[in-house]
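Q: Using only what follows, build the 3D model:
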Amino acid sequence: MSTFEQAPVELTSSDGCRIAAWHNGNPAGRAVVLLHGFSLDHTVWDRVRSDPGLSERCHLVAPDLRGHGRSGRPADIHGYTSGKLWADDLKTIVDSLALDRPILVGWSYSGRAVNDYLRHHGSINVAGLVFVAAATLADLSAIGPAHRCLAELCSPEPEIGQAASSTFLREVLRQVPGSETYEKFAAALARTTPQQRTWLRSRALDYDGMLAALDLPVLVCHGAEDSVVLPVLAQKLGAVMKQARISIYPTCGHAPFIEDPRRFCEELLQFVVQTDAERCAASITS
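A: Residues are numbered from 1 along each chain as shown. Sure, this is the predicted structure:
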């Protein structure tokens, strides 16, 4: 079992965009790719990556998405809105690190990246999916009141952007100002510009039909107090993906893995174990 790697692996996607990725845990274990949300970076997953049970069982991979953190910044809107490019980023990670049938974990915005990968590269090399308050279905009824904060983060007016950043950190991520995690997430947030955020948010959700047709193990996690993406989305996703297991966190908001990392890590580990067991049983009976 390896420890956290201080330097990322530097990869190059199909359009030349640099993708930085960190990995730790058991390189012989089930690969779990942890994808962060809008205008943040891989450090949102630090508590998950440091969990002893997951680190012993799994090969944990946490990249910075294109336009975020230490990954590359495309110079025009196409580099942010092309689903094929987002799909290729994830394929580059899977292929370069030789990940055999990883479990893909998409939180919030990165649900798009997971779905882009499935659309353009298929599900045959994927063991399972975990959607955490993830961008999946095109359902306006799931948009919560705090969603307006994302639009305000795109404002070119510094005062509006700064106020939105504070709101995002305090009310969406529920971080205490001055705390170590608040400062860490604030630094990540500051690395994306209003223009980049605007381009990121110009993408449409059009995955409903594809999700309904998928035959993969699925875990859906959602905070009952999420005011960005309302928890009704979890129930609607469960209706579309009949095989999905729905897990609601009664006292959590938009990021249950940050607010209740112990429960999240236990559920993720259980999902890995169950998925591996089902795959093993299927191979015996086939």
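Q: and His23, that's in a helix?
A: No - His23 is assigned strand when assessed by DSSP: H, G, I helix; E, B strand; the rest coil, not a helix.
Q: Just give me the neighbour total for it.
A: When counting by other CB atoms under 10 Å, one arrives at 23 neighbours for His23. For the C-beta atoms, the positions are set from N, CA and C on the backbone; glycine is no exception.
Q: Please tell me the pLDDT value assigned to it.
A: If you check His23, the pLDDT there is 96.
Q: Give me the spatial nearest neighbour of it, chain neighbours excluded.
A: Val61 (4.4 Å; CB to CB, 6 or more residues apart in numbering).
Q: and the gap between that neighbour and Ala20?
A: Relative to Ala20, Val61 is positioned 11 Å away (CB to CB, to the nearest Å).
Q: cool, and Ser202?
A: 24 Å.
Q: Contact partners for Cys221?
A: 130-133, 234, 247, 249, 256-257, 264, 267 (CB atoms under 8 Å, 6 or more residues apart in numbering).
Q: Let me know the closest of these to Ala212.
A: Nearest to Ala212, judged by CB to CB, of the contacts of Cys221 is Phe131 at 14.0 Å.
Q: where exactly do the strands run in this protein?
A: For the chain, the strands defined by DSSP state E cover 9-12, 18-25, 30-35, 58-63, 103-107, 128-132, 218-223, 245-249.
Q: Give me the PyMOL select line for the contacts of Cys221, limited to the buried ones.
A: Here is the PyMOL selection string for the buried members of those, based on 16 or more other CB atoms under 10 Å:
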select buried, resi 130+131+132+133+234+247+249+256+257+264+267
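Q: got TSV for the contacts of Cys221, with distance to Pro145 and pLDDT too?
A: Converted to TSV, these look like this (distance: CB to CB, whole Å; pLDDT from 0 to 100):
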residue	distance to Pro145	pLDDT
Val130	26	98
Phe131	22	98
Val132	20	98
Ala133	15	97
Ala234	18	96
Ser247	23	98
Tyr249	19	98
Pro256	19	98
Phe257	22	98
Phe264	24	98
Glu267	27	98
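Q: Nearest to Ser141 among the contacts of Cys221?
A: Ala234 (12.6 Å).
Q: ok, the closest one - contacts?
A: Per CB under 8 Å, 6+ apart, neighbours of Ala234: 220-222, 246, 248.
Q: Show me which of these are buried.
A: The neighbour-count criterion (16+ other CB under 10 Å) marks 220-222, 246 among the contacts of Ala234 as buried.
Q: of all those, which comes closest to Asp208?
A: The nearest member of the buried ones among the contacts of Ala234 to Asp208, counting by CB to CB, is Val220 at 14.8 Å.
Q: Go through stretch 225-237 and flag the buried ones.
A: Buried, per 16+ other CB under 10 Å, within stretch 225-237: 225-231, 233-234, 236-237.
Q: Pull the distance from that stretch to the chain's centre.
A: 16 Å (CA atoms, centre = their mean, to the nearest Å).
Q: Could you tell me the end-to-end distance of that stretch?
A: 17 Å (CA to CA, to the nearest Å).
Q: swap in stretch 135-148?
A: With CA to CA as the measure, the ends of stretch 135-148 fall 15 Å from one another.
Q: what do you get for stretch 240-255?
A: End-to-end distance of stretch 240-255 (CA to CA): 23 Å.
Q: and it, which residues are buried?
A: Residues of stretch 240-255 classed as buried by neighbour count (16+ other CB under 10 Å): 240-241, 244-247, 249, 252-255.
Q: cool, and stretch 56-70?
A: Within stretch 56-70, the residues scored as buried using 16+ other CB under 10 Å are 57-70.
Q: now do stretch 143-159
A: Applying 16+ other CB under 10 Å to stretch 143-159 flags 144, 146, 149-150, 152-155 as buried.
Q: I would like the residues contacting that stretch, please.
A: Stretch 143-159 is contacted from outside by 38-39, 160-161, 163-165, 167-168, 171-172, 189, 194-195, 197-198, 201, 226-230, 254, using CB under 8 Å, 6+ apart.
Q: now the helices: where do they sit in this structure?
A: 46-49, 52-57, 78-81, 83-96, 111-121, 148-152, 158-167, 180-190, 194-200, 208-213, 232-240, 256-259, 261-285 (DSSP state H).
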